[in-house]
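[1] here you go, sequence then predicted model.
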Amino acid sequence: MKERGILMRGEMVRAILDGRKTQTRRIVKPQPSVIHAIHADASLTTNCIFRNGDQRIHCPHGQPGDRLWVKETWVKTDGMTSVPDVFYRASENAVNAEQLSPWKPSIFMPRWASRITLEIVGVRVERVQDITETDAMAEGVAWKDHAGLARFTAAKLYAALWDSINAKTHPWASNPWVWVIEFKRV
């Protein structure tokens, strides 16, 4: 079993904490130009291999049984006794921490400060636009069907979320190949 850090935005951290997020999609790098074969165990119990000619790319985020520790925006309070040692921007109580010190970006979060550990239960590869409604909901998007309003599907909301994160390099319209990482919270 290996452990790796994984960056998450605040709304995705909240979705994990709420139990709504059990999947994440990450860009396959480099994007293949020609697809000869894709191999993924149907039971999602083995690491995917993505073949581009003779090139094999294993998921850099891990395989089933490996763990991911979530890196999120945080601030350390230097041991003040009346507050926790670490605040997380995604938490509701983090509002009061604004005056303590500057927030640190998620990319600089050390392992000891992480509060969320995920176990990978499945890995597969697909095009981002192949996401199903069920998978979009497992990505943690919050959606409701309101009477009298245009109905937004979870997949459409996920497409908007995707572009808010990846529009500059791999927009939804380009339909990039992605690793689909399924996980459970430990």
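    Sure, I can see it.
[2] quick check: closest non-adjacent residue to the residue nearest the centre of the chain.
    The centroid of the chain falls nearest to residue 24 when counting by Cα atoms, centre = their mean (3.7 Å). What sits nearest to residue 24 in space, not counting adjacent residues and going by Cβ to Cβ, 6 or more residues apart in numbering, is residue 181, at 5.1 Å. Where you see a C-beta, it was placed from the backbone N, CA and C, and this is true even at glycine.
[3] isn't that neighbour right up against residue 120?
    Yes. Counting by Cβ atoms under 8 Å, residue 181 touches residue 120, with 6.0 Å between them.
[4] between these two, which contacts overlap?
    Shared contacts of residue 181 and residue 120, defined by Cβ atoms under 8 Å, 6 or more residues apart in numbering, are found at 61, 62, 68.
[5] and which of those is nearest residue 20?
    Sorting these by distance to residue 20 puts residue 68 at the head of the list, at 17.0 Å, by Cβ to Cβ.
[6] wasn't the residue nearest to the centre of the chain part of a helix?
    No. Counting by DSSP: H, G, I helix; E, B strand; the rest coil, residue 24 falls outside a helix, being strand.
[7] what separation do you get for it and residue 78?
    For residue 24, the distance to residue 78 equals 32 Å [Cβ to Cβ, to the nearest Å].
[8] next one: residue 137
    Using Cβ to Cβ, residue 137 is found at 40 Å from residue 78.
[9] wasn't residue 184 part of a helix?
    No. Looking at residue 184 with three-state DSSP, it is strand, so not inside a helix.
[10] wait, it sits on residue 121?
    Yes. Using Cβ under 8 Å, residue 184 is in contact with residue 121, at 5.6 Å.
[11] who has more neighbours out of these two?
    Set residue 184 next to residue 121 and count neighbours by other Cβ atoms under 10 Å: residue 121 wins out with 15 against 10.
[12] mind listing what the more buried one touches?
    In this structure, residue 121 makes contact with 44, 64, 182, 183, 184, judged by Cβ under 8 Å, 6+ apart.
[13] rewinding a little: for the residue nearest to residue 24, helix, strand, or coil?
    Per three-state DSSP, the secondary structure class of residue 181 is strand.
[14] gap between it and residue 85?
    For residue 181, the distance to residue 85 - Cβ to Cβ - is 29 Å.
[15] look at the two and report which has more neighbours.
    Comparing residue 181 with residue 85 by other Cβ under 10 Å, the one with more neighbours is residue 181, at 25 against 13.
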